[in-house]
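Undergrad: Fold the stuff below for me.
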Amino acid sequence: MKKLLTYILLTLLVAVPIFSQFARPAAAQDEKRIEIMSPWGGEEEQALLKVLAAFEAQSGIKVDHTGTRDVASVIARAEAGNPPDFYISPLPAVVWEFARDGYLVPLDSFLDMAAVEAAFAPDWLGLGSYEGHLYGIWGEVAPKSLVWYDAELFADKGYAIPANWDEMLALADQIAADGLTPWSIAQESGDATGWVGTDWIEDIMLRTAGPEVYDQWVNHEIPWTDPRVKRAWEIFGEIALDQDQVFGGMEGQLSVFFGDGADALYTDPPNAALHRMALFIYGFVQQHFPGIEPLTQANFFILPPIDAEFGTPVLSSGSQLVMFNDTPEAREFMQFWASAEAQSLIVTSFSRLSASTAVPLEVYTDPILQKAAEAQAAATTIRFDGSDLMPSAIGAGAFWTGVVDYVSGADLDSVLEMIEEAAVDAYSE
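TA: Numbers count the residues shown, from 1 in each chain. This next block holds a predicted model:
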């Protein structure tokens, strides 16, 4: 599991204090307490504390939270037989490792599984399951397959939302003919530069090879040199390698910070018209352009299908709660976390989505969040970010590097052979 640490340090965007000691606070002899560890600090920790406060108020159980990126400390505590009651993991691979090693409580041993299965789609439950048992319940989630645009610009120019990939390419050509660069692709992320391109390729794989082949690819059951994998890279390259299609060209997309990627759409005058990025970019847009109007200005459509047989899948990311200690207090909290009440609080506190369909749409008071929730519910297929499921040497290493090399002009066959060589080693560990 320690090979996941580098990836987690690179991909988590919030600054979280690292603690060297994780002792529970002293408590009164009759006080009921549980302990939760998560990767969150700052605003995300404050959002979580709002959810925890609601549980404390109704249950009388005190919740102690520790935020840390140092997953090694969680592993060490589990190995020493003193784990926290709960851990919130942004990576399914961590959940599977903990379950495999026998540290987690199977949630289907006490949860009302009929209610759980009614609220969470099979794809979500599968990501929290290991060898036929459920170990994780999702909290906040964020769809990634979104193409952002300026609705005012579209209205002024008479641009229509594309229904398929060919229409999207035709729209980009029309935008270029009108004198505006079609795409903003901002990939700079320090040592993690390239992850934006991996999201593009994952989305394209789902639309050209389908979910079953996507799963085979993620699990390295097909090689990176497979023609279906190569095709996804080539389709990405038709946009990303075209200097006239991307603001700043190939060099520019690797030097612009990913959090600034949508800025090109909303400056006056705009520098680009389209930006494929996860839901979280909306927070950056709101910070950079205070007062921007949702839907009438900032808006998005789902990345359209390529091969019609695979429909319109949605790539997503998120975090799930796992349980180490089987106590009455821990069971009560997990039951609360899985409820529509807690999932609704997660939405309002984090300003993100819930994977639970039991959350009423009216909970999503921001029109953008409501639209994203509707799009997620309507998705023909949901798959988790593939690089998040791969060994860190690939998903946070060779895959990122390969994207940077490809965008920088490297031969695609050589790039795929490089990743395949790394994958042979990584998946054998």
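
Undergrad: buried set for stretch 379-398?
TA: Buried residues in stretch 379-398, counted by 16 or more other C-beta atoms under 10 Å: 379, 381-398. Any C-beta I mention is one placed from the backbone N, CA and C, and that applies to glycine too.

Undergrad: same deal with stretch 222-231?
TA: 222, 224, 226, 229.

Undergrad: Out of the residues you listed, flag the one nearest to R77.
TA: W224 (36.3 Å; C-beta to C-beta).

Undergrad: contacts for stretch 330-342?
TA: 34, 51, 54-55, 58-59, 61, 63, 85-86, 105, 107, 110-111, 115-116, 119, 137, 139, 321, 323, 343, 356, 358-360 (C-beta atoms under 8 Å, 6 or more residues apart in numbering).

Undergrad: Now V322: phi and psi?
TA: Per-residue torsions, V322: phi -120, psi 160 (degrees, to the nearest 10).

Undergrad: got a list of what it touches?
TA: Remark: with contacts taken as C-beta under 8 Å, 6+ apart, V322 is in contact with 86-89, 95, 98-99, 104, 128, 135-136.

Undergrad: Closest one to Y282 out of the residues you listed, please.
TA: The nearest one, if we look at those relative to Y282 and count by C-beta to C-beta, is I88, at 22.0 Å.

Undergrad: Give me the three-state assignment for that closest one.
TA: Secondary structure assignment for I88 (DSSP: H, G, I helix; E, B strand; the rest coil): strand.

Undergrad: okay, now it: neighbour count?
TA: 20 (other C-beta atoms under 10 Å).

Undergrad: Who is it paired with across the strands?
TA: Under the criterion DSSP bridges, I88 forms beta bridges with L321.

Undergrad: pretty sure it contacts L321?
TA: Yes - I88 lies in contact with L321 (C-beta atoms under 8 Å); the separation is 5.4 Å.

Undergrad: Spell out which residues are contacts of both of the two.
TA: 36, 139.

Undergrad: Check which helix or strand H65 maps to.
TA: strand 62-67 (DSSP states H and E).

Undergrad: Just checking the distance from that strand to the centre of its chain.
TA: 24 Å (C-alpha atoms, centre = their mean, to the nearest Å).

Undergrad: What strands line up against that strand, and which way round?
TA: Strand pairing for strand 62-67, using DSSP bridges, gives strand 33-38 (parallel).

Undergrad: Of all the residues in the strand it pairs with, which ones are buried?
TA: 34-38.

Undergrad: Over to stretch 116-130?
TA: 116, 119-121, 123-125, 127-130.

Undergrad: Shouldn't V196 be within a helix?
TA: Yes - V196: assigned to a helix according to three-state DSSP.

Undergrad: all numbers from here: first residue = 17
TA: Yes, from this point I'll number from 17; that puts the last item at V212.

Undergrad: ok, it - how many residues close by?
TA: So V212, with other C-beta under 10 Å, has 24 neighbours.

Undergrad: One more: D342?
TA: 14.

Undergrad: hang on, it packs against V121?
TA: Yes - using C-beta under 8 Å as the test, D342 is close enough to V121 to be in contact (4.7 Å).

Undergrad: What are the buried residues along the lengthiest helix in the chain?
TA: Scanning the chain for the helix with the most residues, using DSSP state H, yields helix 58-75. Using 16+ other C-beta under 10 Å as the test for burial, helix 58-75 gives 60-61, 63-64, 67-68, 70-71.

Undergrad: which residues of this protein fall in strands?
TA: Assigned by DSSP state E, the chain shows strands spanning 49-54, 78-83, 102-105, 145-146, 149-150, 152-159, 162-166, 291-292, 314-318, 330-339, 369-370, 398-400.

Undergrad: tell me the mean pLDDT for the fourth one?
TA: Pointing back at strand 145-146 there. On average, the pLDDT along strand 145-146 is 96.

Undergrad: Number of residues surrounding the closest residue to F296 other than its chain neighbours?
TA: Sequence neighbours aside, A158 is the residue nearest to F296 in space, at 5.4 Å (criterion: C-beta to C-beta, 6 or more residues apart in numbering). Using other C-beta under 10 Å, A158 has 20 other residues around it.

Undergrad: Next: A176.
TA: That count, for A176 with other C-beta under 10 Å as the rule, works out to 11.

Undergrad: likewise A289?
TA: Look at A289: counted by other C-beta under 10 Å, it has 27 neighbours.

Undergrad: what residues are up against it?
TA: Listed by C-beta under 8 Å, 6+ apart, the contact set of A289 reads 165-166, 169, 175, 191, 196-199, 281.

Undergrad: got it, and T209?
TA: Contacts of T209 (C-beta under 8 Å, 6+ apart): 203, 270, 416, 420.

Undergrad: For ChimeraX, what selects the buried ones among these?
TA: Only the buried entries of the contacts of T209 go into this ChimeraX selection, using 16+ other C-beta under 10 Å:
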select :203,270,416
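
Undergrad: right, and out of the contacts of T209, which lies closest to S367?
TA: Set against S367, the nearest of those by C-beta to C-beta is Q203 (24.8 Å).

Undergrad: Pop out the phi and psi values for the closest one.
TA: phi -120, psi -10.

Undergrad: where's it relative to P55, distance?
TA: 23 Å (C-beta to C-beta, to the nearest Å).

Undergrad: and if you look at V262?
TA: 32 Å.

Undergrad: A388 contacts L162, correct?
TA: Yes - with contacts counted by C-beta under 8 Å, A388 reaches L162, the gap being 7.3 Å.

Undergrad: which residues do the two both contact?
TA: With C-beta under 8 Å, 6+ apart as the test, A388 and L162 both reach 295, 316.

Undergrad: Roughly how far does D276 sit from F305?
TA: 12 Å.

Undergrad: who's in contact with the residue nearest in space to the middle of the chain?
TA: Nearest to the mean C-alpha position of the chain, counting by C-alpha atoms, centre = their mean, stands S333 at 2.1 Å. Counting by C-beta under 8 Å, 6+ apart, S333 touches 106, 157-158, 160, 294, 400-401, 404.

Undergrad: In space, what's closest to I308 - neighbours in sequence excluded?
TA: A314 (5.1 Å).

Undergrad: so who does that neighbour touch?
TA: So A314 contacts 164, 166-167, 282, 298, 301, 305, 308, 384 (C-beta under 8 Å, 6+ apart).

Undergrad: One more: L361?
TA: 66-67, 70.

Undergrad: what does A371 give?
TA: 136-137, 140, 154, 157, 334, 359.

Undergrad: now S271
TA: Contacts of S271 (C-beta under 8 Å, 6+ apart): 204, 264.

Undergrad: which of the contacts of A314 are buried?
TA: 164, 166-167, 282, 298, 301, 305, 384.

Undergrad: Let me have the contacts of S333 in TSV, extended by distance to A346 and pLDDT.
TA: Listed next are these as TSV, based on distance: C-beta to C-beta, whole Å; pLDDT from 0 to 100:
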residue	distance to A346	pLDDT
P106	21	80
V157	23	91
A158	27	88
K160	32	95
A294	32	91
F400	26	90
D401	29	92
D404	26	84
